[in-house]
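> Structure for this input, please:
(chains A and B)
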Number of protein chains: 2
Amino acid sequence: MNLKTLAVLFSAALTSGVAFAQTNQAAVVEDFKPSVLNQPGQEFPQVNSQGYAKFRIKAPQADSVRVSLGLGGKGGTRLTKSADGFFTGTTAGPMDEGFHYYRLTVDGGTFNDPGTLNYYGSTRWESGIEIPAHDQDFYALKNVPHGHVQQVLFRSKSTNTSRRALVYTPPGYEKNTKTKYPVLYLQHGWGEDENAWSNQGRANLIMDNMIAEGKIKPFIIVMAYGMTNNIRPGTPGGLRSFDIKPFQTVLLDELIPYIDTNFRTIANRNSRAMAGLSMGGFETHTITLNKPDVFAYYGLMSGGVYTPEEIIDKTKVKLIFLSAGSKENPDRVRKAAADLKAAGFNAVSYVSEGTAHEFQTWRRSLKELAPLLFKN
Amino acid sequence: MNLKTLAVLFSAALTSGVAFAQTNQAAVVEDFKPSVLNQPGQEFPQVNSQGYAKFRIKAPQADSVRVSLGLGGKGGTRLTKSADGFFTGTTAGPMDEGFHYYRLTVDGGTFNDPGTLNYYGSTRWESGIEIPAHDQDFYALKNVPHGHVQQVLFRSKSTNTSRRALVYTPPGYEKNTKTKYPVLYLQHGWGEDENAWSNQGRANLIMDNMIAEGKIKPFIIVMAYGMTNNIRPGTPGGLRSFDIKPFQTVLLDELIPYIDTNFRTIANRNSRAMAGLSMGGFETHTITLNKPDVFAYYGLMSGGVYTPEEIIDKTKVKLIFLSAGSKENPDRVRKAAADLKAAGFNAVSYVSEGTAHEFQTWRRSLKELAPLLFKN
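Now for the predicted structure:
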């Protein structure tokens, strides 16, 4: 994937806009409940059984409050002011299932909804809302053994910083002190950070549930911050000038050695996978091709494709997983996987039905990818 | 401590208001820099070398933007609108060193500053700002070995939930697989949650630094959510009706067994401490007196005092630590410690100079408490 392809990829992400499901204009059912991502005790925003979202914002002296849904902030919902000083409104249509970022525009300024929890996306902490999905059981918090999510601070000589990463260790990791585990390095998308996969993606709960059901063998997941292409510290760099080298150095020369030293890993290529969503897929694609001896399992989730020609040594690749939402460009991942299969690769494509360039696509992608990993 | 005392305690917390240091009205030095708690790339809010804070909020069509500093939201800074659509303003005086919660009032509505990170306090995610302190080195992120902060989800039968707690494991915990560690159970204050001690308090960095300097022997810290006095799930309960039983059950019957099973702890009273700030001090006071066989080290940080009479078996208490900010009621903890000493207890008081009912008091309190723990 070259920079032009990368630009197209993110251009798609940034303009995907309002995530309304395509449905008939049915009557809005008045069974709204608080979103599960609301702050404690907060009644709004609410979501109904059809996927409509209803907002209520207190701003007695304001003239205008708008809700922007979708990465690009296009469209959205203009709220109506009542005499009680609250602005209220409901989305024009049902929203796609799953997690969505949004923000408010209050008299021309950008703020978060004080009712909801915040999630880092688009290089800022955004408001979050969750539309209940028909398949939400696989990422629900259940009464099963739970793994831990650990914040580690590892030394990075290349950037002269102590860098934060999150590490999922599966249930039983503390007790099974003789067991060593394979590792999936799992990257967030542009504008997000190392919190995204566990906070927005619920990766730890997806793993806990699949392990409890016996669908996968336990493995470790490492989630690192991939926005290393900074103009200056703290300033996320532009996409068109994305340089993989700083992140590749942090990941391969600093983080992986830290993980292999501090966790009970099986420290070889066949027990190491890399996957990522969107920009994280770009990072995965580039780094796995640059360093074919490090990872044996590759996953791109709404993050481009591999072609047979760009992989030099076929024997070093155990799996290529390509996924996308049905509202993205699903035929591209299907065709790429078919081409890879025809060339003799173990390639799998997955399309998430009814979702776009958003986290529901990637939750489902992780659920599909996990059972395919570390089979050889 | 009875409920009346508790009410007084929190009344103090809620009205401590604007945390301005007492200084002469010197000229404001124009050496403002972005607060270290700003979101990536955000220039505002800024702090100068005197402790003044400067705010800048975009809201072109708004009539009024005010910054509320301090738990009670009293006082604050009214910002002035410029032709470019930004509201700007500087605090009326220098602020106390350390961390402060705040929020914006935009045309009558409550929002967070889009420039800063959010921190859970007052039962909502608030904006945070950090005033550089003369002693900030002890909680700085340094090039030393770092412990991990783990999110665990433990089963709670009494509440029929999987509950979240954070566990600090010291540097070397993963490699020293034969070593067992003492445990400090460390509680947040009213309206905060299990994130407070590591996010606002930097407890993990304080520990990392003290361990690196050889000032303390490594121990584990467990940080649990203590606002269990809920009217209904997700709704923090009132203070005047605070009932310790739900939290005491979660802590003693569910969390401690989980920790002792899943971490390498020394599972006895003499290797177990409990401490807390503000309401967490009230919880510590009540639970240590209710269950004298569980903990041997007690710490109340801006959270009341013990009297010699209320402790039934003196031999079970290895240490009583009492602290407060000099802007709270420091004589009370000094006198209480003196009374306890006179009665034969190992009691220590600590007063944080120039700070109020805020996290700088508690960061310093942890630094003072840690070397005193697990000596016997």
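
> in stretch A:156-174, what counts as buried?
Buried residues in stretch A:156-174, counted by 16 or more other C-beta atoms under 10 Å in any protein chain shown: A:156, A:159, A:162-171, A:173. C-beta here means a position set from N, CA and C on the backbone, and glycine is covered the same way.

> same deal with stretch A:366-374?
A:366-370, A:372-374.

> quick one, strands of the stretch 251-376 of chain A?
Along the stretch 251-376 of chain A, the segments classed as strands by DSSP state E, counting those that start in this stretch run A:272-277, A:297-301, A:319-325, A:347-352.

> what helices or strands is the third one leaning on?
Just to be clear, that refers to strand A:319-325. Counting contacts by 3 or more C-beta pairs under 8 Å, 6 or more residues apart in numbering or on different chains; DSSP states H and E, strand A:319-325 is packed against strand A:297-301, helix A:330-342, strand A:347-352, helix A:359-369.

> Tell me which of those lies nearest to chain B.
Each of the helices and strands packed on strand A:319-325 has some distance to chain B by C-beta to the nearest C-beta; the shortest is helix A:359-369, at 17.7 Å.

> What residues of the helix or strand A:Thr105 falls within count as buried?
Element membership for A:Thr105 (DSSP states H and E) is strand A:98-106. By neighbour count, and taking 16+ other C-beta under 10 Å as the criterion, the buried residues in strand A:98-106 are A:98-106.

> Most tightly packed of the helices and strands packed on strand A:319-325?
By mean neighbour count, with neighbours taken as mean count of other C-beta atoms under 10 Å in any protein chain shown, strand A:297-301 ranks first of the helices and strands packed on strand A:319-325 at a mean of 29.

> give me the beta-bridge partners of A:Arg155?
For A:Arg155, the beta-bridge assignment (DSSP bridges) gives partners A:Ser162.

> ok, it - contacts?
Contact criterion C-beta atoms under 8 Å, 6 or more residues apart in numbering or on different chains gives A:162-163, A:254, A:258, B:143 as the residues in contact with A:Arg155.

> repeat that with 10 Å
Contacts of A:Arg155 were listed using C-beta atoms under 10 Å, 6 or more residues apart in numbering or on different chains, and they are A:161-163, A:254, A:258, B:143-146.

> cool, and A:Gly89?
The contact partners of A:Gly89, by C-beta under 10 Å, 6+ apart, come to A:53-57, A:65-67, A:76-81.

> of all the contacts of A:Arg155, which two lie farthest apart?
A:Glu254 and B:Val144 (16.2 Å; C-beta to C-beta).

> List phi and psi for the nearest residue to A:Leu166 once chain neighbours are set aside.
For A:Leu166, the nearest residue in space outside its immediate sequence neighbours is A:Met223; the separation is 4.5 Å by C-beta to C-beta, 6 or more residues apart in numbering or on different chains. Dihedral angles phi and psi of A:Met223 (degrees, to the nearest 10) take the values phi -120, psi 110.

> A:Glu194 is in contact with A:Met223, correct?
Yes - at 4.8 Å, A:Met223 counts as touching A:Glu194 under the criterion of C-beta atoms under 10 Å.

> the more surrounded of those two?
A:Met223 (27 against 23; other C-beta atoms under 10 Å in any protein chain shown).

> For the residue of the stretch 101-250 of chain A found nearest chain B, grab the count of nearby residues.
Of all residues in the stretch 101-250 of chain A, the one sitting closest to chain B is A:Gly109 (3.2 Å; C-beta to the nearest C-beta). A:Gly109 has 23 neighbouring residues, counting by other C-beta under 10 Å.

> Give me the neighbour count for the closest residue to it other than its chain neighbours.
With C-beta to C-beta, 6+ apart as the measure, B:Ala59 is the residue that lies nearest to A:Gly109, at 3.2 Å, once sequence neighbours are left out. B:Ala59 sits with 26 neighbouring residues when counted by other C-beta under 10 Å.
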